[in-house]
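Student: Turn this into a model:
(chains A and B)
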Protein chains: 2
Amino acid sequence: MTQPSAALIIIGDEILSGRTQDKNINSLARFLHDRGINLREVRVIGDQHDRIVAAVQALSGEYDLVFTSGGIGPTHDDITTVAVAAAFGVAAIRHPEADALLINHYADTDLDYNSARQKMADIPEGADLIYNPVSAAPGYRIGNVHVMAGVPKIFDAMLMQVEAMLPDGMQQHRVSVQTALGEGTLAEGLAIIEARYNGLSIGSYPWFKPGQYGTAVVVSALDRDDVDKAAADILQLIEQLGGSGTMEDTVTGGNTI
Amino acid sequence: MTQPSAALIIIGDEILSGRTQDKNINSLARFLHDRGINLREVRVIGDQHDRIVAAVQALSGEYDLVFTSGGIGPTHDDITTVAVAAAFGVAAIRHPEADALLINHYADTDLDYNSARQKMADIPEGADLIYNPVSAAPGYRIGNVHVMAGVPKIFDAMLMQVEAMLPDGMQQHRVSVQTALGEGTLAEGLAIIEARYNGLSIGSYPWFKPGQYGTAVVVSALDRDDVDKAAADILQLIEQLGGSGTMEDTVTGGNTI
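Tutor: Residues are numbered from 1 along each chain as shown, chains lettered A, B, ... in the order given. All right, here's what the predicted structure looks like:
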């Protein structure tokens, strides 16, 4: 049984110019990983119509789920919605519920619900809203594409809404083993252990501090027994190499965010 | 005159699984932005041969400069070099200078220069090395593709080496000062020196080896005189703090860190 696949399109000149440090890749990656969905590719592109259309069309055809972040605000360079509508060959039209949400939101403020802000109520025809508990302006899902805000707090809040829209995923099991041995010392042995199990992957992550170094080894697979067996193999390998290791189960929280 | 264009390929399952928060997109974005080079696209892909080959071929054809990060370490999932070599239709062969650098590096440690680590001396035929002042294992440039480490500290240090390899961008002058003092010991003094000069920046890059540590301090600015004066200030600071420093010109001195 294969895991659902996913891709993310980050839309924003501010990421490419270095003015803003992206946080949404990591938020989405962890969200999907915890749900057994395989994030396979991320693209970061600028606020350009043709590039957005091309990326949405290419990735929505290649992966089960696509997520976008950025370009759905009120300013002139927020062009994601028009581009996504074009990618699906539909119009972006004023959405009555989105409009009502925004009217209600701005009524509580001293800000004017002007034409720039009204643009945020334009949604591609046939899309389902993804609610925004932070600042009202919604995202939406059209086809397999989930269009979300670029601001990390709003992106994260929208992910909570997306939860209920996801197809049934699967949970990967994951165990990590910590040791003070160097990554290169372990490398050959880890390759041999990984090859023993079907669909199991072993990653190694070296770390350094003044006067200390070590490696975190992470084992993951759909089959919990395989993960436990491989982790035991790794502990044995570490001891054979003269070190010691400690194991921790990194999937404890399950589906709770 | 149009700005040169660039793309970045981040290679690493650990980014897509959410285990690691990427920092290299922002570092490269700011580095290129400061030099008038337009970062147009970033792709994040996993440690998979065919995906790396396809991304390198597509992006190196489309943009003036391509950068990659990740997958050049000693473990079995570090497959970037073999894939980049394949993308250019050449072999990855043991590079005598890279081999010498690594032999020298490991001779100072109690780590074995085993076959996993020797793999880091395999470089695509015809590539130029990008030196690694942090942990010796070099990156390289082949065609318009710059292959660099994924660990952010090493990625940043390699970017300093890339400076002199850039086409007609604005080449900053740059001097590096090596010392066995820790980064935290130097921090306050470096901030004071940096504030003395207009448009001058000072970066500090701590490095660690078993039983040893130190800091590479890199001074850069468009004005060569300011760089030389600030480097002299830094040597004086190091001596006041009870250390000693050595200076290297990282632009005219070529690629020697």
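
Student: Which parts of chain A are helices?
Tutor: A:13-16, A:24-34, A:49-62, A:80-87, A:96-107, A:115-118, A:152-162, A:183-196, A:224-240 (DSSP state H).

Student: what helices or strands is the first one leaning on?
Tutor: When contacts are defined as 3 or more CB pairs under 8 Å, 6 or more residues apart in numbering or on different chains; DSSP states H and E, helix A:13-16 packs onto strand A:38-45, helix B:24-34, strand B:38-45. Yep, even glycine has a C-beta here, placed from its N, CA and C like the rest.

Student: can the ones you listed go into CSV with extra columns for mean neighbour count and distance to B:Val56?
Tutor: Formatted as CSV, those follow (neighbours: other CB atoms under 10 Å in any protein chain shown; distance: least, CB to CB, whole Å):
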stretch, mean neighbour count, distance to B:Val56
strand A:38-45, 23, 14
helix B:24-34, 21, 16
strand B:38-45, 23, 10
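
Student: Serialize the helices of chain A to JSON lines and add fields for mean pLDDT and distance to B:Val175.
Tutor: Formatted as JSON lines, these follow (pLDDT from 0 to 100; distance: least, CB to CB, whole Å):
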{"stretch": "helix A:13-16", "mean pLDDT": "91", "distance to B:Val175": "30"}
{"stretch": "helix A:24-34", "mean pLDDT": "93", "distance to B:Val175": "35"}
{"stretch": "helix A:49-62", "mean pLDDT": "98", "distance to B:Val175": "39"}
{"stretch": "helix A:80-87", "mean pLDDT": "98", "distance to B:Val175": "44"}
{"stretch": "helix A:96-107", "mean pLDDT": "95", "distance to B:Val175": "54"}
{"stretch": "helix A:115-118", "mean pLDDT": "90", "distance to B:Val175": "49"}
{"stretch": "helix A:152-162", "mean pLDDT": "90", "distance to B:Val175": "38"}
{"stretch": "helix A:183-196", "mean pLDDT": "94", "distance to B:Val175": "32"}
{"stretch": "helix A:224-240", "mean pLDDT": "95", "distance to B:Val175": "43"}
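
Student: so which of the helices and strands packed on helix A:13-16 gets nearest A:Phe31?
Tutor: The closest of those to A:Phe31 is strand A:38-45. By CB to CB, the value is 9.0 Å.

Student: what does that closest one rub up against?
Tutor: A:3-12, A:15-16, A:22, A:25, A:28-29, A:32-33, A:51-52, A:55, A:59, A:63, B:10, B:15-18, B:25, B:40-46, B:51 (CB atoms under 8 Å, 6 or more residues apart in numbering or on different chains).

Student: Mind doing that once more with 6 Å?
Tutor: A:3, A:5-10, A:15, A:25, A:29, A:32, A:51, A:55, B:16, B:41-45 (CB atoms under 6 Å, 6 or more residues apart in numbering or on different chains).

Student: returning to what we had before: and of the helices and strands packed on helix A:13-16, who's closest to A:Asp226?
Tutor: Here strand A:38-45 is closest among the helices and strands packed on helix A:13-16 (CB to CB), at 17.3 Å.

Student: Using CSV, write down the CA coordinates of that closest one.
Tutor: Output of strand A:38-45 as CSV, limited to C-alpha atoms (Å, rounded to 0.1, in the frame of the first residue of the first chain):
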residue,chain,number,x,y,z
ASN,A,38,4.7,11.8,1.8
LEU,A,39,5.8,15.4,1.0
ARG,A,40,7.8,14.7,-2.2
GLU,A,41,8.6,18.2,-3.5
VAL,A,42,8.5,21.9,-2.7
ARG,A,43,8.9,24.7,-5.1
VAL,A,44,9.4,28.3,-4.2
ILE,A,45,8.5,30.7,-7.0
